[in-house]
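Visitor: Just the structure for this:
(2 chains)
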Amino acid sequence: MKPSAFLLALVGVCVLQGAAGTRLTLAGVQPDLFLILAVGASLGVAPEAAALMGFLAGLYQDALSGAPLGLRAFTLTLMAFGAARVGRELEAGRPAAQFAVLLGGAALAGVITLATLSFFFGPPPLLATLLRVMVPETLLTAALGTALLGAARLWRTVRKAAA
Amino acid sequence: MTAALLRLVSRHRRGAVLASALLVAFLTLTLQARQDSVPVSFAKRALLMTVAPFIKATAWVGGGVRGVWREYVDLRGVQAENRQLRSQLGALQQRLEALQEMAQENRRLQSMLEMPELPGARPVVVRVIGKDATNWFRTILIDRGSADGLERNIPVVAPLGLVGRVVEVAPIVARVQLITDPVSSVGALVQRTRVTGIAAGDGGAALRLRYLPLMSDVAVGDRVVTSGMGGVFPKGIPLGTVVAVERRSGALFQEAVLEPTADLSKLEEIAALVPHPGRASGAERHEGGGDRAR
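Guide: Below you'll find the predicted structure:
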């Protein structure tokens, strides 16, 4: 993804996450569009560029939430770097495999956030956080991410056929 | 030496970029772990300000599109009115719904203005334009900021009860931490028995009233208001109603579960209680006695 396209998408996600994101909820929890952007933008780019994109997306997510600055930046940097390393396999995989990878990724992002939050600010109530935040967010983010990957693949196929 | 270092970084560019980004994030978090950091707060406000105009514009355009759509639907109804009496009824019905929506908004705004005067504060009506960008915290974004006199720790209320407090202020927007946020706590008072405790958010829709003495009289249905201790929230603002009381064997205190009086999932217009000029602002007031944010 080009830097300009990434910045445009980032502004779009900033607007969407607070407004439209709340309409697509599971048990009152919305999908993590910033994580989807960080992972999606990292596919097909160098890991160092992916890390920077993840860092920037995370900073904006922190700025638009009650989170301390750096919490999601830390998580998304790692996730984007990891996504860039497995990018080709993720893009070429079947939807079920993509869903499994995204499910694992979203769960890992939740665990990293929980661990970082606990390390710096004390542990939040574990069971409530698992049930109310991590599990629904992971499921919803993985499902939406798989759908978007499928849509992107369809778009590329259509463009190829048109060309 | 420098050249050698640059060669080393260049050779391990991938790892160096990742490590640098993680280190910056780690250091930023470290700065905020104990107390507020001025540079970090400034950076957060600066980041917020780069996207706040887009968010405000989207909220404004969204409201406008809804209005235009309503008028468009009405217009179609009026044209149909000339042809069929039945469609006239439909169009009038739609118009009635639009007016009812406006009347509801007027009532909400009216109730804001009619809220009992709190000593030393004037209500400034604000609109909610965004929600928290993560699921880990419970905050909202409002369409007024320091340009309208908002400051940190100013209480925010809805007609039915307390909403939260302002925790970040940029010139044109501000962030409000809801009372249900996991790191929010408010000094609370059971209205019937005058027992005090601390109402803390648990990240869900409810509040937990903590540190209630074991032998204190708290029952389901009791109304709970702010205690005024701590100096951030004025005394007597409705907080919630007790829906359950939990007494664990061996525990030093009992706890109660509160349902917030204000419906925090459907906030549209709310009021920030801005101190009158000359009064101590929220940021200057003492924080303690239960009223606590991060």
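
Visitor: what's the weakest-modelled helix or strand in chain A?
Guide: One helix or strand of chain A scores below all others by mean pLDDT, DSSP states H and E: helix A:87-92, with a mean of 72.

Visitor: Only alpha carbons, please: show it as PDB.
Guide: Provided in PDB are the C-alpha atoms of helix A:87-92 (Å, rounded to 0.1, in the frame of the first residue of the first chain):
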ATOM      1  CA  GLY A  87       1.700 -11.500   4.200                       C
ATOM      2  CA  ARG A  88       2.000 -13.600   1.100                       C
ATOM      3  CA  GLU A  89       0.800 -16.700   2.800                       C
ATOM      4  CA  LEU A  90      -2.100 -14.800   4.300                       C
ATOM      5  CA  GLU A  91      -3.200 -13.200   1.000                       C
ATOM      6  CA  ALA A  92      -3.000 -16.500  -0.900                       C
END
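
Visitor: For that helix, buried residues please.
Guide: By neighbour count on 16 or more other Cβ atoms under 10 Å in any protein chain shown, the buried set for helix A:87-92 is A:87, A:90. In short, each C-beta sits where N, CA and C put it, glycine included.

Visitor: How about the helix or strand that that helix is followed by, which residues are buried there?
Guide: Of the helices and strands lying after helix A:87-92 in sequence (DSSP states H and E), the nearest is helix A:95-121. The neighbour-count check on helix A:95-121 (16+ other Cβ under 10 Å) flags A:98-99, A:101-103, A:105-107, A:109-110, A:112-114, A:116-117, A:120-121 as buried.

Visitor: Beyond helix A:95-121, next helix or strand please.
Guide: helix A:126-129.

Visitor: Show me what the following helix or strand past that following helix is packed against.
Guide: The helix or strand immediately downstream of helix A:126-129 is helix A:135-162, counting by DSSP H and E. Here helix A:135-162 touches helix A:33-42, helix A:87-92, helix A:95-121, going by 3 or more Cβ pairs under 8 Å, 6 or more residues apart in numbering or on different chains; DSSP states H and E.

Visitor: Looking at the longest one now, give me its mean pLDDT.
Guide: Predicted confidence along helix A:95-121 averages 89 (mean pLDDT).

Visitor: domains for chain B, by residue range?
Guide: B:38-113, B:122-294 (automatic domain parsing).

Visitor: so which of those is the most packed in?
Guide: Mean neighbours per residue, mean count of other Cβ atoms under 10 Å in any protein chain shown, is largest over the domains of chain B for domain B:122-294, with a mean of 19.

Visitor: touching chain A at all, that domain?
Guide: Yes - using Cβ under 8 Å from any Cβ of the partner chain, domain B:122-294 reaches chain A at B:129-139, B:141, B:167, B:175, B:177, B:181-183, B:202-205, B:265, B:294.

Visitor: distance of residue B:199 from residue B:226?
Guide: 8 Å (Cβ to Cβ, to the nearest Å).

Visitor: shared neighbours of those two, anything?
Guide: B:186, B:187, B:188, B:239 (Cβ atoms under 8 Å, 6 or more residues apart in numbering or on different chains).

Visitor: Test my guess that residue A:16 contacts residue A:33.
Guide: Yes - here residue A:16 reaches residue A:33: they are 5.9 Å apart, a contact under Cβ atoms under 8 Å.

Visitor: hmm, back to that, the buried residues of helix A:95-121 also near chain B: which ones?
Guide: Among the buried residues of helix A:95-121, the ones lying near chain B by Cβ under 8 Å from any Cβ are A:113, A:116, A:117, A:120, A:121.

Visitor: any chance of those in JSON lines, plus distance to residue B:14?
Guide: JSON lines is the format used below for those (distance: Cβ to Cβ, whole Å):
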{"residue": "A:113", "distance to residue B:14": "24"}
{"residue": "A:116", "distance to residue B:14": "22"}
{"residue": "A:117", "distance to residue B:14": "27"}
{"residue": "A:120", "distance to residue B:14": "27"}
{"residue": "A:121", "distance to residue B:14": "31"}
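
Visitor: What pLDDT does the model give residue B:112?
Guide: 64.

Visitor: where in the chain is pLDDT low?
Guide: All of this is about chain A. Per-residue confidence for chain A (pLDDT under 70) gives these ranges: A:19-23.

Visitor: Hmm, no, I was thinking of chain B.
Guide: For chain B, the stretches with pLDDT under 70 are B:1, B:73-82, B:87-88, B:90-91, B:94, B:108, B:110-119, B:278-294.

Visitor: Go through it and flag its longest strand.
Guide: For chain B, the strand with the greatest residue count under DSSP state E is strand B:121-131.

Visitor: who's in contact with the residue positioned nearest the centre of chain A?
Guide: The centroid of chain A falls nearest to residue A:35 when counting by Cα atoms, centre = their mean (1.4 Å). Residues in contact with residue A:35 (Cβ under 8 Å, 6+ apart) are A:76, A:79, A:105, A:106, A:109, A:141, A:145.

Visitor: still on that earlier bit, point out the other helices and strands that the least confident helix or strand of chain A packs with.
Guide: Helix A:87-92 packs on helix A:95-121, helix A:135-162, going by 3+ Cβ pairs under 8 Å, 6+ apart.

Visitor: what angle do the last one and helix A:95-121 make?
Guide: If I follow you right, that is helix A:135-162. Calculated by axes from the mean of the first three to the mean of the last three Cα atoms, to 10 degrees, helix A:135-162 forms an angle of 140 degrees with helix A:95-121.

Visitor: dump the residue contacts of the closest residue to residue A:107 other than its chain neighbours.
Guide: Spatial nearest neighbour of residue A:107, excluding adjacent residues (Cβ to Cβ, 6 or more residues apart in numbering or on different chains): residue A:138 at 4.8 Å. Residue A:138 makes contacts with A:103, A:106, A:107, A:110, as judged by Cβ under 8 Å, 6+ apart.

Visitor: From what I see, the third one and residue A:136 are in contact.
Guide: Think residue A:107. No - using Cβ under 8 Å, residue A:107 is not in contact with residue A:136; the gap is 11.7 Å.

Visitor: Just the residues contacting stretch A:108-115, thanks.
Guide: Applying Cβ under 8 Å, 6+ apart, the contact partners of stretch A:108-115 are A:32, A:35, A:71-72, A:74-76, A:78-79, A:124, A:129, A:133-134, A:137-138, B:136.

Visitor: how about 6 Å then?
Guide: For stretch A:108-115, contacts defined as Cβ atoms under 6 Å, 6 or more residues apart in numbering or on different chains pick out A:35, A:75, A:79, A:134, A:138.

Visitor: Check stretch A:1-12 too.
Guide: Contacts of stretch A:1-12 (Cβ under 6 Å, 6+ apart): A:37, A:41, A:53, B:54.
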